[in-house]
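S.K.: got a predicted structure here, sequence first:
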Amino acid sequence: MSDSAAAPPVDQGRPSADGTALSILIAISVAHMLNDVMQSVIPAIYPILKTEFALDFGQIGLIQLAFQLTASILQPFVGIVTDRRPQPFSLPVGMAFTLVGLVMLSTAASYSFLLLAVSCVGIGSSIFHPEASRVARMASGGRHGFAQSLFQLGGNFGSAIGPLAAAAIILGRGQGNVAWFAVLALFGIVLLTRVGFWYRDHPTRRRGGAAVVGHGLSKAVVVRSIVILAALIFSKFFYMAALTSYYTFYLMEVFQLSVKDAQIYLFVFLAAVAAGTIAGGPIGDRFGRKFVIWFSILGALPLTLALPHAGLYGTVALSVAIGLVLSSAFSAIIVYAQELVPGKVGLISGLFFGLSFGMGGIGAAALGELADLTSVPFMFQVVAFLPAIGLLTAFLPDVGPSRKRA
């Protein structure tokens, strides 16, 4: 579509005065919420699967690995393809893969079929994230951090309520009730089809929603910075894998809580993650992404070191603080990387969403093996040192808002 076809002022996404298509941002955030509610069902039913299939922690970790690797490996390739040729209706297609995976998961009768089912859900996620992130940037009106945070907020809120929904719908009723979550996938397909029409008709869809602006940094500096960001993703999502996959087991073993009570505390942690997410983007818009990355990764270190030595209420309080602090980093990292490699929104979104899923999956599998060999409490003592990798932030250049102030 030619740029002479100006974006309609009201009917396509209802742009606000600053150009932000707020209704589209809300729609894509809701779709992200639905996607992550359905994804969060997988770790939430681990206690059921562990009992029904007589699994050890290593096998549980492999389920998470199968899901998160399929949700990560494809994402950069999806981003490369859609940078060259946007695919507006790939969004509902991705949600359809998730629907099929949930139905398979509800009827799985063997461990291998479980792996296949979660892999199908992972494929749906890998199709969804790069293009959804592009839509968020297109609808941002230049407020890229805010848009990415709002998009991430939906996902984190979905991850938070997913375990509670699983506890209400599945726990005590059986694996077959997973099929109820397929209703959310159907709604998501309808919602994303509507977003797909907006995306198809948007005049800037081939530029990721904004003009390409250079930063003047050398290729060597850009490559070094991407490597550092990947290391920060490793530290963040390895630690998050410990909490999302094994926090309930930690609470049950150390404090003798029931499964339902442990799920409630997992929800409290994930709700804190959702709350922290919305702050990172706008703060990055105002003060710079690097500032947010510094605070989020390295700032979590004293909290993670203290958690394995706290009582029940101290553990809950520290998990909330960790969720608030650590969760603000990802939106800032995504937008920072997009500014490092302008014009490659799909590739960068796919790469970093893929890394986040991949590191989370590898972390879940590795930490599950460590928990089997030692114990879940010992595993939490080991991962407590991971946020120290945040010191690498010192080697990142200033780009975006912080560079403009320099």
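M.R.: Nice, I can see it. Numbers count the residues shown, from 1 in each chain.

S.K.: and the helices in the stretch 301-406 of the chain?
M.R.: Remark: helices assigned in the stretch 301-406 of the chain by DSSP state H, counting those that start in this stretch are 301-306, 312-326, 329-340, 345-373, 376-383, 401-405.

S.K.: most tightly packed of these?
M.R.: Among the helices of the stretch 301-406 of the chain, ranked by average contacts under mean count of other CB atoms under 10 Å, first place goes to helix 329-340 (a mean of 27). The C-beta positions use only the backbone N, C-alpha and C, and glycine is treated the same way.

S.K.: that one to helix 345-373, inter-axis angle?
M.R.: Angle, helix 329-340 to helix 345-373, by axes from the mean of the first three to the mean of the last three CA atoms, to 10 degrees: 140 degrees.

S.K.: with only the CA atoms kept, save helix 329-340 in PDB.
M.R.: C-alpha atoms of helix 329-340 as PDB (Å, rounded to 0.1, in the frame of the first residue of the first chain):
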ATOM      1  CA  ALA A 329      14.000  -5.900  32.000                       C
ATOM      2  CA  PHE A 330      12.500  -7.800  29.100                       C
ATOM      3  CA  SER A 331      10.500  -4.900  27.400                       C
ATOM      4  CA  ALA A 332      13.600  -2.700  27.800                       C
ATOM      5  CA  ILE A 333      15.800  -5.400  26.300                       C
ATOM      6  CA  ILE A 334      13.500  -5.900  23.300                       C
ATOM      7  CA  VAL A 335      13.200  -2.200  22.400                       C
ATOM      8  CA  TYR A 336      16.900  -1.600  23.100                       C
ATOM      9  CA  ALA A 337      17.800  -4.400  20.600                       C
ATOM     10  CA  GLN A 338      15.300  -3.100  18.100                       C
ATOM     11  CA  GLU A 339      17.100   0.300  18.300                       C
ATOM     12  CA  LEU A 340      20.400  -1.500  17.900                       C
END
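
S.K.: what about Met104, how many residues nearby?
M.R.: For Met104, the neighbour count with other CB atoms under 10 Å is 19.

S.K.: tell me the contacts of it?
M.R.: The neighbours of Met104, taking CB atoms under 8 Å, 6 or more residues apart in numbering as the test, are Phe113, Leu116, Ala117, Cys120.

S.K.: tell me the pLDDT of the third one.
M.R.: It stands for Ala117. Ala117 carries a pLDDT value of 92.

S.K.: low-confidence stretches in this structure?
M.R.: 1-20, 171-173, 203-215, 280-281, 284, 287, 400-406 (pLDDT under 70).

S.K.: so Thr393 sits right up against Val292, yeah?
M.R.: No: Thr393 lies out of contact with Val292 (CB atoms under 8 Å); the separation is 9.9 Å.

S.K.: between the two, which has more neighbouring residues?
M.R.: Neighbour tally, Thr393 and Val292, criterion other CB under 10 Å: the higher count belongs to Val292, 30 against 21.

S.K.: can you tell me the element that one falls in?
M.R.: Using DSSP states H and E, Val292 maps to helix 289-293.

S.K.: tell me what that helix is packed against?
M.R.: Packing contacts for helix 289-293, counted by 3 or more CB pairs under 8 Å, 6 or more residues apart in numbering; DSSP states H and E, involve helix 259-287, helix 329-340, helix 401-405.

S.K.: how far off centre is the first one?
M.R.: Spelled out, that is helix 259-287. Taking CA atoms, centre = their mean, to the nearest Å, one finds the center of helix 259-287 at 12 Å from the center of the full chain.

S.K.: same question, stretch 128-143
M.R.: That offset, for stretch 128-143, works out to 14 Å (CA atoms, centre = their mean).

S.K.: use 43 as the first number from now on
M.R.: Got it, first residue is 43 now, which makes that one stretch 170-185.
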